[in-house]
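Asks: Sequence and computational prediction follow.
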Amino acid sequence: MNAVIVEAALNLLAVGIERGVIIGKVKELEDSGASQQEIADALQKMRKDSEQAVQDAIDKA
Amino acid sequence: MRYWTSSISKYRLSEALLLAIVLGIVLQVMAGCAAVGLAPVSSQKPHTPQEIAQAAINEANATLTAINSTIASNVKEGIFTKAEAQDYLNQSISYGKRVDQAKALLDSGNISDAKTQADILQSLILSLQRKVAEKVRTQ
């Protein structure tokens, strides 16, 4: 039971860290003067790239 | 009698220690959520209806990206089978296409529908995130 709680906590933390990475990239774009449209396009590209990365990982597994 | 007292004390001590460790991790997670997990993607607060709709779309894209990264890590580590990972990915791609549709609505000037679509998607995406987390927990 305790192990389950610890694993759940670590997993939630992992998702939080992933979001933190994305927030950091958005902050870099904002600081470099990117427009809201450019930021939106970058987020859409990040999502599409991540979809391809998952597919590659599945194919290699 | 002394032996039993000593055994109980040791048992309680190890239980208390374990509880303290778990509590510490939970507090770390809560701090992580406050700092990064639940924080908005952009530090700029949206004001106009168009900006609010775009922010909702951005949030959906960011959450899907985080979920995808978690799926990739878990399939690489052998926690998910290929079939499980493919199932989650297909669901994620399906939601991603709907996010793109919301963006198309926004770009065509249909701001209200775009925002509604993005809000509905956000709850579906959070549900997918929970499913992915639950799968990890049952391994």
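Replies: Yes, it's here.

Asks: Spatially central residue in chain A, please.
Replies: Central residue of chain A (C-alpha atoms, centre = their mean): A:E18, 4.3 Å from the mean position.

Asks: Grab the nearest non-local neighbour of that residue.
Replies: B:A66 (3.8 Å; C-beta to C-beta, 6 or more residues apart in numbering or on different chains). From N, CA and C alone the C-beta is placed, and that goes for glycine too.

Asks: quick one: the one you found and A:K25 touch, right?
Replies: No. B:A66 is beyond contact range of A:K25, at 12.0 Å (criterion: C-beta atoms under 8 Å).

Asks: Give me the more crowded residue out of the two.
Replies: Remark: of B:A66 and A:K25, B:A66 carries more neighbours, 27 against 17, as counted by other C-beta atoms under 10 Å in any protein chain shown.

Asks: what sits against the more buried one?
Replies: B:A66 is in contact with A:V15, A:E18, A:R19, A:I22, B:Q129, counting by C-beta atoms under 8 Å, 6 or more residues apart in numbering or on different chains.

Asks: Buried subset of those, written for PyMOL?
Replies: This is the PyMOL syntax for the buried subset of those, where burial follows 16 or more other C-beta atoms under 10 Å in any protein chain shown:
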select buried, (chain A and resi 15+18+19+22) or (chain B and resi 129)
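
Asks: now for the contacts of B:A66, which pair is the farthest apart?
Replies: A:I22 and B:Q129 (13.8 Å; C-beta to C-beta).

Asks: so where's chain A uncertain?
Replies: Counting by pLDDT under 70, chain A shows low-confidence ranges at A:1-12.

Asks: again, only this time at 90
Replies: In the prediction, chain A carries residues with pLDDT under 90 at positions A:1-20, A:61.
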